[in-house]
Structure formats: C-alpha cells, structure tokens
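**Student:** let me see the structure of the following:
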Amino acid sequence: MNSLHSGADYKYRQVEQAITGRIETGELLPGSKLPSLRQISSSLRVSLSTATHAYEEMERKGIIESRPRSGYYVRGEFRRIPTPSRSNPAPLEPSLVNKGTLIRTALETVGNDDLLPLGVVCPGRELLPYKRLARILSSVIKTHSDRILDYQPIAGNKELRRQIAFRSIDCGSDISPEEMIITTGAMEALYIALRILTRPGDMVLIQSPTYYCFLQLLETLGLRAVEIPSCPVNGISPADIRHAVDTFDISACILSPNFNNPDGSLLPDERKKEVVSLLAKKNIPLVEDDVYGEIYFGQHRPRTFKSYDRNGGVVLCSSFSKTIAPGYRVGWLAPGRFMEKAMEIKATTNVACVSPTQIAMAQYLREAHYDRHLRKLRQSIKDQTDLMRAEIGRSFPKETRVSNPQGGSVLWVELPEGCDGVDLFFRAREKEIGIVPGSVFSPREAYTGFIRLSTGALWSDEIREGIRTLGKMTAGEI
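**Tutor:** Numbers count the residues shown, from 1 in each chain. Reported below is the predicted structural model:
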C-alpha cells in the first residue's frame, strides 16, 4: 500500500541528490570536474549503471556536461541559486482581505490554453491517466446507467470514501469512511470547514505567503486574516502560532503543512505535532489543506496534522485535482468532531456531488492504479522542477532567488530588487505566458517582488523559451 520508490529508482536519485547538494553548497563550482563514475559507484555503494543513470539525468537537466575523454563537469553557466529567505514578519494585527480583483485576474489563466501554463498549478495532460479514466468512465456509464442518474448519498459514494479512508493510513491517519464527506474539489471542502467554524468578522490565522484562493474565501465570508511568516524550507514556527493565539481571539487556523502553495515549504513532523497540541489546548480548530501531500520527492509520504489529532479538532481537506483528474472535481473533507454541522452545510450547499465521476474514481482506486501512477507523476514533476530551477539559474539575473521544494508543483521566485511581480505578470501575459504575481498571496501589500511558477506542465522547448523570455523581461532586455 505504501507508495515508495523502487530501490533502483531511489538509488540513482540518491546519487543525483548527493552531487546537486555539493553544487548547491558551493563545494562544486561551475566548471569543476565531478568524481568519476567508478569513484561515485564506490563511495556511495551503488552499481556503475546506477551512477551512470544519475549523471545522464543531471546532464539532461543541464546541470552537468560530459567532455570526451575527460569526464563530467559542472556546466560553466550553471550557478547555485539561493532560496528566498523567511518572509518578513507581518504586523501581528488582523486585516480584511481586499485582493479580489487581482486574484480574479490571476484566475483567468485557469483553462486558458492560449497561455503557457506556468500560472496554473495542475499536472500536464500528458502526465494524467486520462486513457484509463476514460475507459473506466465509459464502463461505468454502460454498466451503471441507472445509478449514474441518481443522487449519491450526501456524504458521497461509500466505496469512494472507503478507498480514500484506506489510503489515509499512508500519512499516519486512521480515518473511517463514516468520518468523511466527498466534496466538489478541495475548495468546497475548505468552504464548508470555514462555514462550520467561523462567522463574519471572526479572525482566522494563516501562514504568509498563503494560497490566494484561501484569501478569496476569507474575503467572501467576511473574515479577518492574522498572518504569521513562513519559511520556504521549514514552514511556520510553532512559537509564532503561540504568540498569535495568545494575542488574539482566533476562531480557526487554515494551514498547509505539506508543500505550501506558493513557497513549497514542508513543516517537519515534530512541528506538526507541536502545532496540533498547542491549538488543542486552546480549543482552536485547525483546517488543514493537504492537496500536495502525495507529491513528495523523498522516500516517504509526509504526515498530516490530522495524524496527530486526538480530539477531532483538525479538519482535513484534500482532493485528486493535483494528481489524477482536475476536471473531475473530486475532493474530500474529514471534519472530525464537526461532522454533524458539516453534513448540514453540505446538504444545503449542493446536496451531493456528481455521481458518474465519484463511481469512476472509486473504481480507479479499487483497481490499484493510483500508486503506480503516483510514482511516475512524482518523478516527472521532480524532473520538471529541477529543469526549471536550472533554467532560471541560467536565464534570470544573478540576484534572483528560487525555492528548492521537496514536493508539490510550484516554485517561489524572488526577483531582483526593483522588479515588480504584478508588472511582470501583465507583460508576460502579453507574450502569452501565464504566471502569478506574488502580491496575491497576502492580504497586505507584500511579496510585490515575487512570482509563482507552476512546474506541473511537461518540460518542453516552449517551457524553456518561456522561462528565458521571463528572464529577459526581469533583466530589462525586453
């Protein structure tokens, strides 16, 4: 059941990580000769074929180059890219969200095939199991023609809930089908969660930067945001949460511990446990968004906040939109002790989710296709992320900083001083390149010098040229 990489696959990635780590720290500089394949094979205790595979992958990504009769070298134009620092501490005060217009403009990139897909966080169609899903959906329509015309239960298709509950073991949780509600994507799950826990005017704790659709949801519901800073590596600090909840009457928290969108941060497990514990003591509910939890680049799936929940105070939200089928809009909610109220809101929002896609998704999971698909998807997105970081290093001004996430599907790019992300967003759109400006990820006037890039689209010459064009724009060459 556990979706680990195969042994050979993970070994070659270990070699790759060992070499790129030495490049990132500056131990290996541009132009430096790499250890020979035999040396690497011996020192890391891997086969010669594994070492060769790793070097070939790094060469494909543009990190190293081979020279006839000489060996492998760090590419001369490759540079070590620093990561953005921890975000500037926000004033610890509640603020109303008023970014609706710019957020709606950013959302115009969704479903727009005329734009290079660097602004929408979604796997490329080539990476999705559309053929198998089409066969399953066709079979469902033929063999369950009566069932697909009926409503599913308000909580959702029972077999689908059973399959999702079974998978929850992988992230340390133990959620039963009866503790789960199927939703129309993760956004409906988040909407229901905030409807359960808040009233207009309430204060909600968020990390900064945070997903702009969270902010849009807060604005729609008339809620006030209290921000705590996030670090692109380790995420939020429990000490900052403690200070915020001691200072303000916080009604709920909404956090993404696993590969936060947009900074890609991964909260260490010990911090997750501490956060759940301190909020439980304050009786403050925690809404967890875990849509990227399955897209990890390491060997193990990271745990969720929910896995440490002992009193039902964590409301877990997720979906299959980032891994299987964005258009199916299949998400879910595990509302803990708020189940009764969640069912009431679900019933008065849209009664039940679409029947055919629920039945088809349940069958897809039951036939055990998901783990095999995830292994391929993770590797593809990891490769695309590495390729994009390397190209940014070559094409953008040297003052540029880029996150180095261990999962998820985004890069958080800090532009050189004086560059404006909103201006770049509009100029890029004129060149038919979709990006998202950093300022939509905070209710304050923050992150004006940042952009977010999606790494979900399959790497291509068009993507490479798009990154190069953005680099020229940033450098003032266009």
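
**Student:** I figured Ala225 hits Val97, correct?
**Tutor:** Yes: contact status for Ala225 versus Val97: in contact at 5.8 Å, counting by C-beta atoms under 8 Å. Bear in mind the C-beta positions are built from the backbone N, C-alpha and C, glycine included.

**Student:** touching both of these two, which residues are there?
**Tutor:** Common neighbours of Ala225 and Val97, counting by C-beta atoms under 8 Å, 6 or more residues apart in numbering, are Leu215, Leu218, Pro443.

**Student:** relative to Pro443, how far out is the closest residue to the first one other than its chain neighbours?
**Tutor:** Nearest non-adjacent residue to Leu215, counting by C-beta to C-beta, 6 or more residues apart in numbering: Val97, 4.8 Å away. From Val97 across to Pro443, the span is 4 Å (C-beta to C-beta, to the nearest Å).

**Student:** list residues touching both of these two?
**Tutor:** Both Val97 and Pro443 are in contact with Leu215, Leu218, Ala225, where contact means C-beta under 8 Å, 6+ apart.

**Student:** tell me the helix or strand right after the host helix or strand of the second one.
**Tutor:** Leu218 is part of helix 212-220, with elements assigned from DSSP states H and E. Read in the C-terminal direction, the helix or strand following helix 212-220 is strand 224-229, with elements assigned using DSSP H and E.

**Student:** summarise which helices and strands that next one is packed against.
**Tutor:** strand 95-96, strand 203-208, helix 212-220, helix 238-247 (3 or more C-beta pairs under 8 Å, 6 or more residues apart in numbering; DSSP states H and E).

**Student:** mind putting the ones you listed into CSV with mean neighbour count and mean pLDDT?
**Tutor:** Formatted as CSV, the helices and strands packed on strand 224-229 follow (neighbours: other C-beta atoms under 10 Å; pLDDT from 0 to 100):
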stretch, mean neighbour count, mean pLDDT
strand 95-96, 14, 77
strand 203-208, 24, 97
helix 212-220, 20, 94
helix 238-247, 16, 96
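
**Student:** how about the ones you listed in a markdown table, adding distance to Gly312?
**Tutor:** Below are the helices and strands packed on strand 224-229 laid out as a markdown table (distance: least, C-beta to C-beta, whole Å):
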| stretch | distance to Gly312 |
| --- | --- |
| strand 95-96 | 30 |
| strand 203-208 | 19 |
| helix 212-220 | 22 |
| helix 238-247 | 19 |
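
**Student:** looking at these, which is closest to Leu102?
**Tutor:** helix 212-220 (8.5 Å; C-beta to C-beta).

**Student:** and the angle from the closest one to strand 203-208?
**Tutor:** 160 degrees (axes from the mean of the first three to the mean of the last three C-alpha atoms, to 10 degrees).

**Student:** which other helices and strands contact helix 212-220?
**Tutor:** For helix 212-220, the packing partners by 3+ C-beta pairs under 8 Å, 6+ apart are helix 100-107, helix 185-197, strand 203-208, strand 224-229.

**Student:** Arg125: which of these is closest?
**Tutor:** Of all the helices and strands packed on helix 212-220, helix 185-197 comes closest under C-beta to C-beta, at 18.0 Å.

**Student:** quick one: distance of that closest one to the chain centre.
**Tutor:** Relative to the chain's own centre, helix 185-197 is displaced by 18 Å; criterion: C-alpha atoms, centre = their mean, to the nearest Å.

**Student:** tell me what that helix is packed against?
**Tutor:** strand 181-184, helix 212-220, strand 250-255, strand 286-289, strand 314-319, strand 330-334, helix 339-349.

**Student:** which one of the helices and strands packed on strand 224-229 lies nearest to Gly124?
**Tutor:** Nearest to Gly124, of these and by C-beta to C-beta, is helix 212-220 at 20.9 Å.

**Student:** which residues touch the residue nearest to Leu215?
**Tutor:** Counting by C-beta under 8 Å, 6+ apart, Val97 has contacts Leu215, Gln216, Leu218, Glu219, Leu223, Arg224, Ala225, Pro443.

**Student:** can I get those residues in JSON lines with distance to Pro82?
**Tutor:** Below are those laid out as JSON lines (distance: C-beta to C-beta, whole Å):
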{"residue": "Leu215", "distance to Pro82": "27"}
{"residue": "Gln216", "distance to Pro82": "31"}
{"residue": "Leu218", "distance to Pro82": "32"}
{"residue": "Glu219", "distance to Pro82": "33"}
{"residue": "Leu223", "distance to Pro82": "35"}
{"residue": "Arg224", "distance to Pro82": "34"}
{"residue": "Ala225", "distance to Pro82": "29"}
{"residue": "Pro443", "distance to Pro82": "27"}
